[in-house]
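Participant: what's the 3D shape of this:
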Amino acid sequence: MVDPVPGPVLFDALRAALHGGPPVSVSREGAVPDDVCLVVPTSGSTGEPKHVELTPSCLLASGAATTSVIGEGRWWLQLPVTHIAGLQVVIRSGFAPSPDADGCDFTSLVPTQLVRMLDDPRLPRLKAVLLGGAAAAPSLLAAARDRGINVVTTYGMSETSGGCVYDGTPLPGVSVDVTDRIVLAGPVVARGYSGAAPFDGRFVTSDVGRLVDGRLEVLGRADDLINTGGEKVAPLAVEQALSSHPSVVEVAVVGQPDPEWGSRVVAFVVLASPLSLEEARDHVGALVSRIAAPRELRVVDALPLLPGGKVDRLRLGSS
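Facilitator: Predicted coordinates for the structure are as follows:
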């Protein structure tokens with residue numbers, strides 16, 4: 001099932017796979033272990049996608065934990081079913097997601113979608129909008145809630161059957177530990193990667209973060225940290241600062257080689273009104289630090305996205 005298939009065929013295949021039938025793969029062709037029912041690709045946002053093997057138990061545990069927190073209901077499918085977030089909409093819906101919002105209770109979006117759908121009158125009618133796949137700017141969350149949209153931020157990945165931390169709090173059965181990386185454990189963790197050792201219920205992410213009063217705060221990917229002038233800058237902090245400027249609609253920050261600074265902070269922005277580099281630097285300097293302020297501002301019509309809706313940082317980094 002690597003190629004696109006009609007919705008009813010996918011739904012029937014997933015239902016059968018969850019109850020011991022043939023596995024479904026939207027990632028690759030070939031044999032999989034007997035206890036695997038779904039194979040999905042990672043996003044590929046930092047390189048070649050890996051193939052994640054998910055068992056019925058981890059998917060059902062994820063669905064049960066989600067339902068225990070937000071309740072049961074119909075789902076409005078807005079994400080591609082080639083990645084875990086879209087597939088989880090199908091699974092959580094009881095295999096009957098709706099192509100429109102009429103009569104639905106929930107949907108899942110990535111931040112870029114929410115930016116472009118802020119004034120959609122259907123969103124405030126939903127019980128909850130799960131928002132994941134990337135960090136959401138505080139200004140975006142505030143704008144959504146001002147419009148009556150009940151946004152629930154989620155953190156997770158294919159390796160954890162999708163989102164497993166809601167608004168900074170782990171779902172029931174999930175534990176979070178922070179060492180030099182964020183570590184997620186519990187029944188939602190996938191079997192492992194195809195052809196590699198199993199995770200054994202514990203997944204060490206590529207992200208850095210901290211626990212504040214028991215709530216997880218994600219600071220970004222360890223590989224994304226920009227070493228500029230001997231100091232490490234988290235792109236997420238710069239993005240959140242810039243997104244609070246009234247001229248900025250969307251922003252993504254990457255590091256690029258620089259002969260003087262080692263790496264320089266480069267901000268790609270979609271603007272609603274003109275913004276100069278010095279204005280951007282002053283804004284970030286006041287909210288984060290002067291060393292974190294972008295040394296280059298590139299105005300674009302739209303940020304490049306991967307199929308799952310995440311910003312294509314590799315493409316930006318090579319621009």
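
Participant: average model confidence for whichever strand or helix holds N227?
Facilitator: Using DSSP states H and E, N227 falls within strand 226-228. Averaging pLDDT along strand 226-228 gives 91.

Participant: P172 touches S68, doesn't it?
Facilitator: Yes - counting by Cβ atoms under 8 Å, P172 touches S68, with 5.7 Å between them. All C-beta spots, glycine's among them, are computed from the backbone N, C-alpha and C.

Participant: Which helix or strand contains V39?
Facilitator: strand 38-41.

Participant: Show me how far that strand is from its chain's centre.
Facilitator: How far strand 38-41 lies from its chain's middle: 16 Å, per Cα atoms, centre = their mean, to the nearest Å.

Participant: Give me the sheet partners of it and which way each runs.
Facilitator: strand 24-25 (parallel), strand 51-54 (antiparallel) (DSSP bridges).

Participant: Look up how far P304 lies from D167.
Facilitator: Computed as Cβ to Cβ, to the nearest Å, the D167 to P304 distance reads 29 Å.

Participant: Of all residues in this structure, which one is nearest the centre?
Facilitator: G133 (0.9 Å; Cα atoms, centre = their mean).

Participant: per-residue pLDDT, that residue?
Facilitator: 87.

Participant: which residues sit in contact with G173?
Facilitator: A61, A65, G186, P187, V188 (Cβ atoms under 8 Å, 6 or more residues apart in numbering).

Participant: same deal with W76?
Facilitator: Contacts of W76 (Cβ under 8 Å, 6+ apart): P97, S98, P99, D100, A101, C104, F106, T107, R122, L126.

Participant: what about 7 Å?
Facilitator: P97, S98, D100, A101, C104, T107 (Cβ atoms under 7 Å, 6 or more residues apart in numbering).

Participant: Tell me the bridge partners for the second one.
Facilitator: Read that as S98. Bridge pairing for S98 - DSSP bridges - gives W76.

Participant: My guess is it contacts D105. True?
Facilitator: No - the pair S98 / D105 is not scored as a contact, 9.9 Å apart, by Cβ atoms under 7 Å.

Participant: Find residues that contact each of those two.
Facilitator: R74.

Participant: The nearest residue to R281 once chain neighbours are set aside: neighbour count?
Facilitator: Distances taken as Cβ to Cβ, 6 or more residues apart in numbering place A293 nearest to R281, at 3.9 Å, with adjacent residues excluded. Other residues near A293 come to 24 when the count uses other Cβ atoms under 10 Å.

Participant: Now A293: which helix or strand?
Facilitator: Per DSSP H and E: nothing holds A293, as it lies in no helix or strand.

Participant: would you say V269 is within a helix?
Facilitator: No - checked against DSSP: H, G, I helix; E, B strand; the rest coil, V269 lies outside a helix; its state is strand.

Participant: Show the pLDDT at it.
Facilitator: In this prediction, V269 carries a pLDDT score of 96.

Participant: give the contact list for it.
Facilitator: V269 neighbours (Cβ under 7 Å, 6+ apart): L242, V248, V251, L275, L297, V299.

Participant: Generate a ChimeraX selection restricted to the buried entries among these.
Facilitator: To isolate the buried ones among the contacts of V269 in ChimeraX, judged by 16 or more other Cβ atoms under 10 Å, type:
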select :242,248,251,275,297
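
Participant: of all the contacts of V269, which two lie farthest apart?
Facilitator: Across those, no pair lies farther apart than L242 and V299, at 12.2 Å, counting by Cβ to Cβ.

Participant: separation between the closest residue to S263 other than its chain neighbours and V218?
Facilitator: Among residues not flanking S263 along the chain, G255 sits closest, at 4.0 Å (Cβ to Cβ, 6+ apart). Relative to V218, G255 is positioned 18 Å away (criterion: Cβ to Cβ).

Participant: for Q240, same thing?
Facilitator: 11 Å.

Participant: How about E239?
Facilitator: For E239, the distance to V218 equals 12 Å [Cβ to Cβ].

Participant: Helices of the chain, start to end?
Facilitator: Using DSSP state H, the helices found in the chain span residues 7-18, 56-70, 84-92, 111-117, 138-146, 235-243, 277-287, 313-317.

Participant: could I get these as JSON lines with distance to V176?
Facilitator: Shown next, in JSON lines, are the helices of the chain (distance: least, Cβ to Cβ, whole Å):
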{"stretch": "helix 7-18", "distance to V176": "26"}
{"stretch": "helix 56-70", "distance to V176": "14"}
{"stretch": "helix 84-92", "distance to V176": "19"}
{"stretch": "helix 111-117", "distance to V176": "21"}
{"stretch": "helix 138-146", "distance to V176": "21"}
{"stretch": "helix 235-243", "distance to V176": "18"}
{"stretch": "helix 277-287", "distance to V176": "27"}
{"stretch": "helix 313-317", "distance to V176": "24"}
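
Participant: Compare those and give me the one nearest A197.
Facilitator: So among those, helix 56-70 is nearest, using Cβ to Cβ, at 16.4 Å.
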